[in-house]
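1. Okay, sequence plus prediction incoming.
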Amino acid sequence: MPVEHRVAARGRLRARVVGVVAGRVSVPGMGQEGEGGASGRGRCVGWPALDERRGPLQASLGTLGQRLQPGMADSAQAQKLVYLVTGGCGFLGEHVVRMLLQREPRLGELRVFDRHLGPWLEELKTGPVRVTAIQGDVTEAHEVAAAVAGAHVVIHTAGLVDVFGRASPETIHEVNVQGTRNVIEACVQTGTRFLVYTSSMEVVGPNTKGHPFYRGNEDTLYEAVHRHPYPCSKALAERLVLEANGREVHGGLPLVTCALRPTGIYGEGHQIMRDFYRQGLRLGGWLFRAIPASVEHGRVYVGNVAWMHVLAARELERRAALMGGQVYFCYDGSPYKSYEDFNMEFLGPCGLQLVGARPLLPYWLLVFLAALNALLQWLLRPLVLYAPLLNPYTLAVANTTFTVSTDKAQRHFGYEPLFSWEDSRTRTILWVQAAGSSAQ
Ligand SMILES: NC(=O)C1=CN([C@@H]2O[C@H](COP(=O)(O)OP(=O)(O)OC[C@H]3O[C@@H](n4cnc5c(N)ncnc54)[C@H](O)[C@@H]3O)[C@@H](O)[C@H]2O)C=CC1
Ligand SMILES: C[C@@H](CO)CCC[C@@H](C)[C@H]1CC[C@H]2[C@@H]3[C@H](O)CC4=CC(=O)CC[C@]4(C)[C@H]3CC[C@]12C
């Protein structure tokens, strides 16, 4: 039976903590290189500047937890640490949570914060590490503060990933930008010193002009201009995180932050891959090529993205001067291919075929269909949510080369992919097969 625990502070209801093994929320106590970054400091057309929106976090810590000891002192290296993963029940978040439990020896308590808690969290509570499930919303500053209080490290993956028009631009901004601001302010107020933010390749591009980004790295010059609410929000949030590096947190020590920028993530739990599989099954085993095979789209395996988060979080203290305020693309040995050809690496062994060596429809017709979908979405909005995969934005992303080639994470914090391409491929195929058959 999960224990339900409500954390009260300042007389208000805080985030719901579900299943705290020992019924306790806070266990506090612990502690630039010139590389600039592939722009990402781009412009968001039609979006407000950072400071035009909400002010700083208002919530106080109230009675929550003990006061933090500043920093993780050398003498306390063996000390067990408290980690918080926001969005810990999402596609990437679940992998980060499991990776931490498997590969972080200093982990003493793992707080999993999400708007929607997954039932799989229950199975984690029998292990040696205390797993604290916290149902909360990153847009609620007091809920975030309650969850952060006493944590040594925050991995902030929570976000609204929507490029299909399901959510309003305001909601995307609220979750991705204000939510991130709340996380930063909570760190500052509680004395939490280490923050790893899950950014995105979308912070850089593809831009609105469709310029290719061909095997670029964090220093590649690129004109980052965004119009879509999702990349705009990720770019603004990333900037907040990087600018917060060096801020004094409660206790007097500096906040150390970095941002990881995955390209398109794939692997177990990837819903769009599963949707393509089901669509192929419905079409009798066929998928139809829409994008030229020559357009390269960057992809990275979820297990390696999770591993990169764990390593970055671990090394942030020791290598604060080098890593603080830095951005890192997420990369591994996944091959450079078009979006559709890459998907076929998994869908092919599951019995699907991609028809056509070249796109079956002329590009202008795809542009027309994407625009039609956008129009239908707008017309139908008062009645029903129409949000197909194809729209002008997704077409532009899928049809513009964007791949990375870098070793910055290896140089800065010793990252090597944990999973080879063969492992990543096999794991993903097994998951697609299982996810597909469970849908039958
Ligand atoms: N999926 C991809 O290909 C890529 C994702 N990313 C980033 O990685 C992060 C994770 O993305 P995914 O795992 O793919 O998405 P996801 O949708 O599977 O996971 C996001 C999680 O955040 C939670 N969440 C959303 N709004 C929340 C709120 N207001 N309060 C608390 N929790 C909230 C959701 O419930 C979900 O569990 C996001 O920040 C996204 O921008 C970056 C690059 C590529
Ligand atoms: C034109 C269609 C023909 O089959 C294919 C449409 C595919 C699109 C739905 C995807 C193509 C590229 C994807 C995006 C990309 O991987 C980068 C992303 C990074 C993120 O941070 C979030 C997800 C995404 C925007 C991802 C979303 C789906 C695509 C647009």
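-> Everything's here; your move. Ligands and ions are numbered 1, 2, ... in the order given.
2. Would you mind listing what in this protein touches ligand 1?
-> Counting by CB under 6 Å from any ligand atom, the chain comes close to ligand 1 at 87, 89-93, 114-116, 137-139, 157-161, 175, 179, 198, 200, 234, 262, 264-265. Any C-beta I mention is one placed from the backbone N, CA and C, and that applies to glycine too.
3. Point out the ones among these that are inside strands.
-> In strands, defined here by DSSP state E, the members of the residues of the chain next to ligand 1 are 114, 198, 264-265.
4. what's the farthest-apart pair in the residues you listed?
-> For those, the farthest-apart pair by CB to CB is 114 and 264; their separation is 22.0 Å.
5. Just want to know which of the two has more residues nearby.
-> The neighbour comparison of residue 114 against residue 264 (other CB atoms under 10 Å) goes to residue 114, with 24 against 20.
6. Now that one. Nearest residue, chain neighbours left out?
-> Spatially, and ignoring its direct neighbours in sequence, residue 114 is nearest to residue 89 (4.0 Å; CB to CB, 6 or more residues apart in numbering).
7. For ligand 2, see how far away the one you found is.
-> Distance, residue 89 to ligand 2, using CB to the nearest ligand atom, to the nearest Å: 17 Å.
8. Over to that residue: give its phi and psi.
-> Main-chain torsions, residue 89, degrees, to the nearest 10: phi -110, psi 10.
9. what residues are up against the closest residue to ligand 1 within the stretch 101-250 of the chain?
-> Ligand 1 sits closest to residue 159 of the stretch 101-250 of the chain, with a gap of 2.7 Å, by CB to the nearest ligand atom. Contacts for residue 159 (CB atoms under 8 Å, 6 or more residues apart in numbering) come out as 87, 90, 175-176, 179, 198, 234, 237.
10. Show me which pair in those is furthest apart.
-> Within the contacts of residue 159, two members stand farthest from each other by CB to CB: 90 and 237, at 15.5 Å.
11. is whichever residue of the stretch 151-300 of the chain sits closest to ligand 2 in a bridge, and if so with what?
-> Closest approach between the stretch 151-300 of the chain and ligand 2, counting by CB to the nearest ligand atom: residue 264, at 2.5 Å. Beta-bridge pairing of residue 264 under DSSP bridges involves residue 299.
12. Report the contact partners of residue 179.
-> Residues near residue 179 by CB under 8 Å, 6+ apart: 86, 138-139, 144, 158-159, 237.
13. Now do it, the pLDDT please.
-> Note on residue 179: pLDDT of 98.
14. So for residue 90 and residue 237, which residue has more residues nearby?
-> Between residue 90 and residue 237, counting by other CB under 10 Å, residue 237 is the more crowded of the two (29 against 22).
15. pLDDT weak spots in the stretch 1-150 of the chain?
-> Low-confidence segments of the stretch 1-150 of the chain (pLDDT under 70): 1-78.
16. try 50 this time
-> The stretch 1-150 of the chain contains residues with pLDDT under 50 at 1-15, 18-37, 46-76.
17. Confirm for me that the residue nearest to residue 114 is in contact with residue 119.
-> No. At 9.5 Å, residue 89 and residue 119 do not qualify as touching, with contact defined as CB atoms under 8 Å.
18. Neighbour count: those two, which is higher?
-> residue 89 (22 against 7).
19. and the more buried one, what does it touch?
-> 112, 114, 116-118, 121.
20. residue ranges for the helices of the protein, please.
-> With DSSP state H as the criterion, the chain has helices at 91-103, 121-124, 141-148, 169-173, 179-190, 229-244, 271-282, 302-315, 320-323, 339-347, 363-380, 392-398, 408-413, 421-439.
21. Centre of the chain to the third one, how far?
-> So the one you mean is helix 141-148. Relative to its chain's centre, helix 141-148 lies at 19 Å (CA atoms, centre = their mean, to the nearest Å).
22. Alpha carbons of that helix, in PDB - could you do that?
-> C-alpha atoms of helix 141-148 as PDB (Å, rounded to 0.1, in the frame of the first residue of the first chain):
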ATOM      1  CA  ALA A 141       6.500  27.200  -7.500                       C
ATOM      2  CA  HIS A 142       5.600  25.900  -4.000                       C
ATOM      3  CA  GLU A 143       5.400  22.300  -5.200                       C
ATOM      4  CA  VAL A 144       8.800  22.600  -6.900                       C
ATOM      5  CA  ALA A 145      10.400  24.200  -3.800                       C
ATOM      6  CA  ALA A 146       9.000  21.400  -1.600                       C
ATOM      7  CA  ALA A 147      10.500  18.800  -3.800                       C
ATOM      8  CA  VAL A 148      13.900  20.500  -4.200                       C
END
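23. Would you mark the buried spots in that helix?
-> 141-148 (16 or more other CB atoms under 10 Å).
24. what does the first one give?
-> If you call a residue buried by 16+ other CB under 10 Å, then helix 91-103 has these buried ones: 91-97, 99-101.
25. Repeat that for the longest one.
-> When burial is assessed from 16+ other CB under 10 Å, helix 421-439 yields the following buried residues: 424-425, 427-429, 431-432, 435-436.
26. pLDDT (mean, whole number) over it?
-> 90.
27. For that helix, name the packing helices and strands.
-> Packed against helix 421-439, as judged by 3 or more CB pairs under 8 Å, 6 or more residues apart in numbering; DSSP states H and E, are the following elements: helix 271-282, strand 299-301, helix 302-315, helix 339-347.
28. Output those in CSV, with mean neighbour count and mean pLDDT appended to each entry.
-> Converted to CSV, those look like this (neighbours: other CB atoms under 10 Å; pLDDT from 0 to 100):
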stretch, mean neighbour count, mean pLDDT
helix 271-282, 17, 94
strand 299-301, 26, 98
helix 302-315, 25, 98
helix 339-347, 22, 97
